[in-house]
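*Asks:* the amino acid sequence is not available; the structure is as follows:
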């Protein structure tokens, strides 16, 4: 099992949800997050602050899936969220050692 975590722009959330569901991945967690990348924020934030560490609102998706489906999930995330601009987001993949279903504990 793998955990795919994607941090994306706010304006891509609805389309990301729709494409994941259409691609056979209807189960995921979506959280509000704030952060920034390593590039300076020259003229990019709502206050027009130059180079300061202003945290930008984003959304973080977490999708747990079988190993053989990871590339499909990543493909969907990239297809929807890649604009070629700084701030498009990041995708991380981690191995899940074990999974327990609470209902059956």
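*Replies:* Now that the structure is in, tell me what you want to look at. Predicted model only: the values in this text are computed from it and were never measured. Numbering: from 1, shown residues only.

*Asks:* in a strand, residue 73, correct?
*Replies:* No - Residue 73 sits outside any strand when classified using DSSP: H, G, I helix; E, B strand; the rest coil, being helix.

*Asks:* how about the helices in this protein?
*Replies:* Counting by DSSP state H, one finds helices in the chain at the ranges 13-22, 70-81.

*Asks:* ok, residue 56 to residue 29 distance?
*Replies:* Separation of residue 56 from residue 29 (CB to CB, to the nearest Å): 20 Å. Using the backbone N, CA and C atoms, a C-beta is placed for each residue, glycine as well.

*Asks:* in the chain, where is pLDDT below threshold?
*Replies:* 40-53, 105 (pLDDT under 70).

*Asks:* between residue 56 and residue 29, who's got more neighbours?
*Replies:* Set residue 56 next to residue 29 and count neighbours by other CB atoms under 10 Å: residue 56 wins out with 16 against 10.

*Asks:* what sits closest to that one if chain neighbours are left out?
*Replies:* Leaving aside its sequence neighbours, residue 56 sits nearest to residue 36 (CB to CB, 6 or more residues apart in numbering; 5.5 Å).

*Asks:* do the same with residue 90
*Replies:* residue 7 (5.0 Å).

*Asks:* run a quick neighbour tally on the residue nearest to residue 56.
*Replies:* Using other CB under 10 Å: residue 36 sits among 16 other residues.
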